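Participant: model this:
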Amino acid sequence: MKKETKKKIQIMEILEEELRKHVLSLNLCSTLEKAALYTLELPGKRLRPTFLMTSALDFDVEEKIALRGAVAVEMMHTASLIHDDLPAIDNDDYRRGKPSNHVMFGEDTAIMAGDLLFVRALDICNELGDPSLSNAFSRTLIELVDGEMRDIAMSKANGKNDDIVKMYKKKTGALFAFAFSFGPRLKGKNVEKYEEAGYDFGISFQIFDDIADINSTFEEIGKTPHKDLKQHKSTLVQRIGVEESKKFADTLYRRVLENLKDSPKLLSEIKNVEDTVRRE
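Facilitator: Next up, the predicted model:
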């Protein structure tokens, strides 16, 4: 096993421990604790924390600080998944091949678990003591919630192409933008091109997720397929078709690579996960 690969595995093992520790340290009632940990510990790709820690490496940010940021970003992502699956929103009984949080613990507890992880994520980020980072993370949550609301609204009416892309940018791109810009932000560098790369990556990611919803099985994606069509959601794939959507996603992906050319480790990590993200 390569030294770099072994190191990455070790860091991800530490991340899993830290995720658990930052819930268990709160002295919660057992039901809320179990519900929060349930979805947080479901096996996943951990793309957002991986990208955040790689961005930190490119800018020589201390590993312990990067791990804190990684925990925060994964908690925020997990909270959004719990709420996304709720009957009032996407109404999906499965997540990552396992029963959704509300199926396991009830809708009321799932709402509380999501709320808890949102707040804990913000708390952990604030503990890093960088006002610029805290402000960016708070804006990320606002964008994520706004993006989700735009998605809900567009499930009830046909959205224009630009409106759909804007929804993707906020709902999916915001957390990637924060992760990509973590290193340069902490070092006081200009973050514009890193944020732009994160937004573009998120839009591309969401397009391929929508394609997977059409073409993949439950076993492949770990959640209910054909959900967008059943719920009459407006997606770019439905508006312009699979091939045109792929072309648009490819254009965004090339722009991501261009914007990250000065961040070799992050660029390499993105290329490593490309096949996983672009599930064709």
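
Participant: From residue 87, how far off is residue 48?
Facilitator: 26 Å (CB to CB, to the nearest Å). For the C-beta atoms, the positions are set from N, CA and C on the backbone; glycine is no exception.

Participant: more crowded one of those two?
Facilitator: Legend: neighbour count by other CB atoms under 10 Å for residue 48 and residue 87, higher for residue 48 (23 against 13).

Participant: For the stretch 101-250 of the chain, give me the ranges with low pLDDT.
Facilitator: 156-157, 215-232 (pLDDT under 70).

Participant: Would you map the helices across it?
Facilitator: Counting by DSSP state H, counting those that start in this stretch, the stretch 101-250 of the chain has these helices, from start to end: 101-105, 107-126, 131-154, 161-168, 174-180, 182-186, 192-215, 218-221, 227-230, 236-240, 242-259.

Participant: Okay, buried residues for the first one please.
Facilitator: Residues of helix 101-105 classed as buried by neighbour count (16 or more other CB atoms under 10 Å): 101-103, 105.

Participant: got the contact list for that helix?
Facilitator: 31, 34-35, 38-39, 82, 85-87, 93-95, 109-110, 113-114 (CB atoms under 8 Å, 6 or more residues apart in numbering).

Participant: Among these, which pair sits farthest apart?
Facilitator: Greatest spatial distance among the contacts of helix 101-105 (CB to CB): 31 and 94, at 21.3 Å.

Participant: closest one to residue 55 among the helices of the stretch 101-250 of the chain?
Facilitator: Of all those, helix 182-186 comes closest under CB to CB, at 3.9 Å.

Participant: in stretch 151-161, what's buried?
Facilitator: Buried-residue list, stretch 151-161, by 16+ other CB under 10 Å: 151, 154-155, 159.

Participant: Alpha carbons only: can I get that stretch in CSV?
Facilitator: Output in CSV follows, covering the C-alpha atoms of stretch 151-161 (Å, rounded to 0.1, in the frame of the first residue of the first chain):
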residue,chain,number,x,y,z
ASP,A,151,-36.2,22.6,-5.2
ILE,A,152,-39.5,22.2,-3.3
ALA,A,153,-41.0,25.1,-5.2
MET,A,154,-39.9,23.8,-8.6
SER,A,155,-41.5,20.4,-7.9
LYS,A,156,-44.8,22.2,-8.1
ALA,A,157,-44.2,24.3,-11.2
ASN,A,158,-41.9,24.0,-14.2
GLY,A,159,-38.6,25.9,-13.6
LYS,A,160,-36.6,27.6,-16.3
ASN,A,161,-33.1,26.2,-17.0
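
Participant: That one: how far from the chain's middle?
Facilitator: 21 Å (CA atoms, centre = their mean, to the nearest Å).

Participant: neighbouring contacts of that stretch?
Facilitator: Residues from elsewhere that reach stretch 151-161 (CB under 8 Å, 6+ apart): 89, 150, 163-164, 167, 171, 231-234, 236, 239-240.

Participant: Make a markdown table from those residues and add distance to residue 78 to it.
Facilitator: Formatted as a markdown table, those follow (distance: CB to CB, whole Å):
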| residue | distance to residue 78 |
| --- | --- |
| 89 | 15 |
| 150 | 21 |
| 163 | 27 |
| 164 | 25 |
| 167 | 21 |
| 171 | 15 |
| 231 | 22 |
| 232 | 27 |
| 233 | 22 |
| 234 | 26 |
| 236 | 25 |
| 239 | 30 |
| 240 | 31 |
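
Participant: how close does the nearest residue to residue 138 once chain neighbours are set aside get to residue 79?
Facilitator: Nearest residue to residue 138, sequence neighbours excluded (CB to CB, 6 or more residues apart in numbering): residue 122, at 6.6 Å. With the distance defined as CB to CB, residue 122 ends up 10 Å from residue 79.

Participant: Look at these two and report which has more neighbours.
Facilitator: residue 79 (24 against 18).

Participant: The more buried one and residue 115 touch, don't they?
Facilitator: Yes. At 7.5 Å, residue 79 counts as touching residue 115 under the criterion of CB atoms under 8 Å.

Participant: thought residue 115 was touching residue 76?
Facilitator: No. If you go by CB under 8 Å, residue 115 and residue 76 don't touch, sitting 11.9 Å apart.

Participant: The residue nearest the centre of the chain and residue 137: what is the separation?
Facilitator: Nearest to the mean C-alpha position of the chain, by CA atoms, centre = their mean, lies residue 77 at 4.8 Å. Going from residue 77 to residue 137 by CB to CB gives 12 Å.
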